[in-house]
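>>> The following block contains a protein sequence and its predicted model.
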Amino acid sequence: MKKFRDEGMKKIFIFLNSNILNKKSNQINMPKIYEYFGLIFFFYSNEHLPIHVHVSKAESEMKFDLVYEVGKLLRIDIKKISGKETLSKNDINDAIELIKTHHEDICRKWTDFFVMGKQISVEKISKKI
């Protein structure tokens, strides 16, 4: 097994590498966390570190990594998804703004789902950020 600096990271590694498929249907669970003006923010259930969120709209999807240093959001790295269209510049900007204002909640939901094994519910945001 991989060596870890602390037990918390070890638990996250074990959890993320465990089988988190929906055993009834053999489908990967994709918990949605936000709906925001046509943008869908979600996790794939077979995720990995760093903490990140996928954002989709119609046939477009991108990944947004949340990069922290000493508990502060340092930056958001945006990555293209192979085989998917990229979001429009306006959609990327809207996604970044939502992530910046909700990053602590995103981390809480990530931990609740991936570490604690809790179900999370989608939040529909209808007020422009």
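Yep, that arrived. Numbers count the residues shown, from 1 in each chain.
>>> And the helix ranked longest in the chain, what does it pack against?
Longest helix in the chain, counting residues (DSSP state H): helix 89-110. Here helix 89-110 touches strand 32-36, strand 39-42, strand 52-57, strand 60-69, strand 72-80, going by 3 or more CB pairs under 8 Å, 6 or more residues apart in numbering; DSSP states H and E. No exception for glycine: its C-beta is placed from N, CA and C like everyone else's.
>>> got TSV for those, with mean neighbour count too?
Shown next, in TSV, are the helices and strands packed on helix 89-110 (neighbours: other CB atoms under 10 Å):
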stretch	mean neighbour count
strand 32-36	19
strand 39-42	19
strand 52-57	22
strand 60-69	16
strand 72-80	12
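>>> I'd say I120 and K109 touch.
Yes: between I120 and K109 there is a contact at 4.9 Å, judged by CB atoms under 8 Å.
>>> one step back: closest to F113 out of the helices and strands packed on helix 89-110?
strand 32-36 (8.7 Å; CB to CB).
>>> quick check: angle from that closest one to helix 89-110?
150 degrees (axes from the mean of the first three to the mean of the last three CA atoms, to 10 degrees).
>>> Please name every helix or strand in contact with strand 32-36.
The helices and strands touching strand 32-36, judged by 3+ CB pairs under 8 Å, 6+ apart, are strand 39-42, helix 89-110, strand 123-125.
>>> For that strand, which strands pair with it and how are they oriented?
Strand 32-36 has its sheet partners listed here by DSSP bridges as strand 39-42 (antiparallel), strand 123-125 (parallel).
>>> and the gap between E59 and V115?
Remark: distance between E59 and V115 (CB to CB, to the nearest Å) = 32 Å.
>>> Which of those two has more residues huddled nearby?
V115 (14 against 7; other CB atoms under 10 Å).
>>> Now the more buried one. Its backbone dihedrals?
Backbone torsions of V115, given as degrees, to the nearest 10, read phi -100, psi -50.
>>> returning to that earlier point: could you name every residue contacting both of I120 and K109?
Common neighbours of I120 and K109, using CB atoms under 8 Å, 6 or more residues apart in numbering, are P31, I33.
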